[in-house]
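*Asks:* The sequence and its predicted three-dimensional model are supplied below.
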Amino acid sequence: MVNPLFSQKDKVSLTVNEEIKKLFQEIYRKQHQPPVNDDEPKIRVSEIISKAAFFYEKIRNTVDDKEEHLLHKNAIDRIIRRQIVIEQMRDPEDIAKHLLSELIRAGYLPNNKIPESKIQDVAVIVKKYLSLRRMSAPVLDTLPSEEKKDINRWFISLTACEIEGIIKRDSVAQLAINILYQNLVKNIELPDNSPYLRDKEILIYTGVYRSYLKADSDMISYVLFKYYIADWATASDTLIAQTAANIASLYQAIKFQDNHPLVPRLSKVIDRYALYFSILREVIEHDPVTIYNEIKSDPKAFPRNIKNACAKRYKSTKRKLWRAGIRSIIYLFATKMLLVVLLEVPLAQFLLDEKINLFTLGINVSFPPILLFLIILFTALPGEKNTNKIIEGVEELVFVEKERKDAIRMRPIAKRTKAVTYFFNTLYAVTFFITFGGVIYVLDQIGFNFISISIFVLFLALISFFSIRIRKRVRELLVIDASENIFLFISDFFYVPIVAVGKWIAEKFSRLNLIVFFLDFIIEAPFKIFVEIFEEWSKYVRERKEDISQ
């Protein structure tokens, strides 16, 4: 006779841990929080002029190859930088008012939804950093000019990060970061003889920000700034003065932590758990009550929900991959055409006294976007094994019975002798010359001149770096180690030098992006003046219309 309880043998009672219960509660609270007071005045801008500003912002972001999730923060940074450096604005409330209006026009914030009280909140932040900038001036005057410039840029990036924090406050994300941090601090162990034992907690905390929120260096710098200056949110004039007096050493300490030797090693672990947590949040947000009840009533439902969330994430990542790829293709094509018009064609005619070679010119213009298109096209998404590993990781975070028992032990940083280091550096240099020498030889054989070869190699390196950065979206979904083979090893052997050069060029290009420079300093400032004039005129007409109708 069949045991009537046989079909229930897989049903194992699992207990949701207390921290994850808080996450369920916070997500439910946020989804069901009462609406804000609609009687409070809202910031409103002209719908007509907003369309023009939104269109301009799209163009600007297309030619500026930055990560999509950073556009909002970067826009705040750019606007404040223009207001303070170019327009010489000094009134915090005036800066705050224009900043929020510009963000609404550009589509970063909803129109007629942001309360006017937010202007004062932003003004308080702006005033704090303007004071820090002013009080730091005597110290900065003693520093080298380049470091002084960097710190002045840093002040604006800190301002932008803090403003974004109050505009886009996400209580669920902050709770998730705290839970993930507590979990990892408990489970990650550094070697007993590590010189960085005292840095463990702050490195894990910033690592969680870097992985979970995809924070860039500016955002990590702001997190570290708050770590070192604990009461900065409510900073008094005395605290600002004390911070200004130590600004140089504070800046260097933050730079060291941001580029800490342990960051790459810790990131490998933190990235996986950040992915588990982001998938978990997606599952819970779908329906917190139903998901929680299903954990008790149907144990198989939770893994199924995780699997569905993974499938959605894979598809979403593929769309983002194409979107980022298209933006990079447009950026590369626009930059390439600019170089062709300004450098390749004129130099070939006047310096080398050669006619335009349409064949090599066509290859030089079309090769970068075509190669990047093919790289994206053949980028594969993770498979079922990866999804099963994610399910295990999420369940480890959620259930008491599946919590990790063994610590994650970080290996000591390998120390190489000078002889070994010299040998590897020499080998790397050899692969560098072989790789670029081979490319140059092939191009020379098909009729490229020196200028065409230089531009081709430049963009080959850029594409290689962009492809690595764009495909990072897919690699972030991988929690199982990719299989290695001899062909992949050999290709990496010669591909890494190209990527390294591409990274170096991309960093220089980000500072010397002529199109972005033209838009920011030649077009944007007068365009914003026109927008402000039109905005005031539309308000005046509206007021006159209301007066007449009364």
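*Replies:* Good, I have the coordinates. Numbering: from 1, shown residues only.

*Asks:* thinking Leu175 is in contact with Gln25, fair?
*Replies:* No: the criterion here is CB atoms under 8 Å, and Leu175 misses it with Gln25 at 9.4 Å. For the C-beta atoms, the positions are set from N, CA and C on the backbone; glycine is no exception.

*Asks:* what about these two, which has more around it?
*Replies:* Neighbours were counted for Leu175 and for Gln25 using other CB atoms under 10 Å; Leu175 has more, 18 against 13.

*Asks:* all strands of the stretch 351-500 of the chain, in order?
*Replies:* 408-409 (DSSP state E, counting those that start in this stretch).

*Asks:* Tell me where it has helices.
*Replies:* Residue ranges of the helices in the stretch 351-500 of the chain, as given by DSSP state H, counting those that start in this stretch, are 358-377, 384-398, 418-445, 450-475, 486-511.

*Asks:* closest one to Lys300 among the ones you listed?
*Replies:* Each of these was scored for nearness to Lys300 using CB to CB, and the closest is helix 384-398 (11.2 Å).

*Asks:* So for the closest one, mean pLDDT?
*Replies:* In this model, helix 384-398 has an average pLDDT of 94.

*Asks:* With stretch 113-126 instead?
*Replies:* When the per-residue pLDDT values of stretch 113-126 are averaged, the result is 93.

*Asks:* buried residues in the helix or strand that Asn293 is a member of?
*Replies:* When secondary structure is defined using DSSP states H and E, the element that contains Asn293 is helix 288-297. Using 16 or more other CB atoms under 10 Å as the test for burial, helix 288-297 gives Pro288, Ile291, Tyr292, Glu294, Ile295.

*Asks:* Can you give the contact residues for that helix?
*Replies:* Counting contacts by CB atoms under 8 Å, 6 or more residues apart in numbering, the residues outside helix 288-297 that touch it are Leu14, Val16, Phe24, Ile27, Tyr28, Gln31, Val283, Ile284, Ala301, Phe302, Asn305.

*Asks:* Specify which member of these is nearest to Ala461.
*Replies:* Sorting these by how near they are to Ala461, with CB to CB, puts Val283 at the top with 40.9 Å.

*Asks:* how many other residues sit next to that closest one?
*Replies:* Val283 has 20 neighbours, counted by other CB under 10 Å.

*Asks:* Surely it and Pro303 touch.
*Replies:* No: Val283 sits out of contact with Pro303 when judged by CB under 8 Å, with a separation of 10.1 Å.

*Asks:* In terms of residue numbering, what are the domains of the protein?
*Replies:* Domain ranges of the chain: 66-169+224-256, 280-511, per automatic domain parsing.

*Asks:* what's the distance between the last one and the middle of its chain?
*Replies:* Here domain 280-511 is found 15 Å from its chain centre; the criterion is CA atoms, centre = their mean, to the nearest Å.

*Asks:* Which element is encountered next along the chain beyond the helix holding Asn293?
*Replies:* Tracing the chain past helix 288-297, the next element assigned as helix or strand by DSSP H and E is helix 301-339.

*Asks:* Which neighbouring elements make contact with that following helix?
*Replies:* helix 47-63, helix 263-286, helix 288-297, helix 358-377, helix 384-398, helix 450-475, helix 514-517 (3 or more CB pairs under 8 Å, 6 or more residues apart in numbering; DSSP states H and E).

*Asks:* With just CA atoms, put stretch 273-293 into PDB.
*Replies:* Extracted C-alpha coordinates of stretch 273-293, given in PDB (Å, rounded to 0.1, in the frame of the first residue of the first chain):
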ATOM      1  CA  TYR A 273      26.000  37.800  -3.100                       C
ATOM      2  CA  ALA A 274      24.900  41.200  -4.500                       C
ATOM      3  CA  LEU A 275      23.400  39.300  -7.400                       C
ATOM      4  CA  TYR A 276      21.700  36.900  -5.100                       C
ATOM      5  CA  PHE A 277      20.200  39.800  -3.100                       C
ATOM      6  CA  SER A 278      19.100  41.800  -6.200                       C
ATOM      7  CA  ILE A 279      17.300  38.600  -7.500                       C
ATOM      8  CA  LEU A 280      15.700  38.100  -4.100                       C
ATOM      9  CA  ARG A 281      14.400  41.700  -4.100                       C
ATOM     10  CA  GLU A 282      12.800  41.200  -7.500                       C
ATOM     11  CA  VAL A 283      11.100  38.100  -6.300                       C
ATOM     12  CA  ILE A 284       9.700  39.700  -3.100                       C
ATOM     13  CA  GLU A 285       8.700  42.900  -4.900                       C
ATOM     14  CA  HIS A 286       6.400  41.000  -7.200                       C
ATOM     15  CA  ASP A 287       4.000  40.200  -4.300                       C
ATOM     16  CA  PRO A 288       5.500  40.200  -0.800                       C
ATOM     17  CA  VAL A 289       2.500  38.700   0.900                       C
ATOM     18  CA  THR A 290       2.000  35.900  -1.600                       C
ATOM     19  CA  ILE A 291       5.700  35.000  -1.800                       C
ATOM     20  CA  TYR A 292       6.000  34.800   2.000                       C
ATOM     21  CA  ASN A 293       2.900  32.600   2.300                       C
END
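
*Asks:* That concludes my questions; thank you for your assistance.
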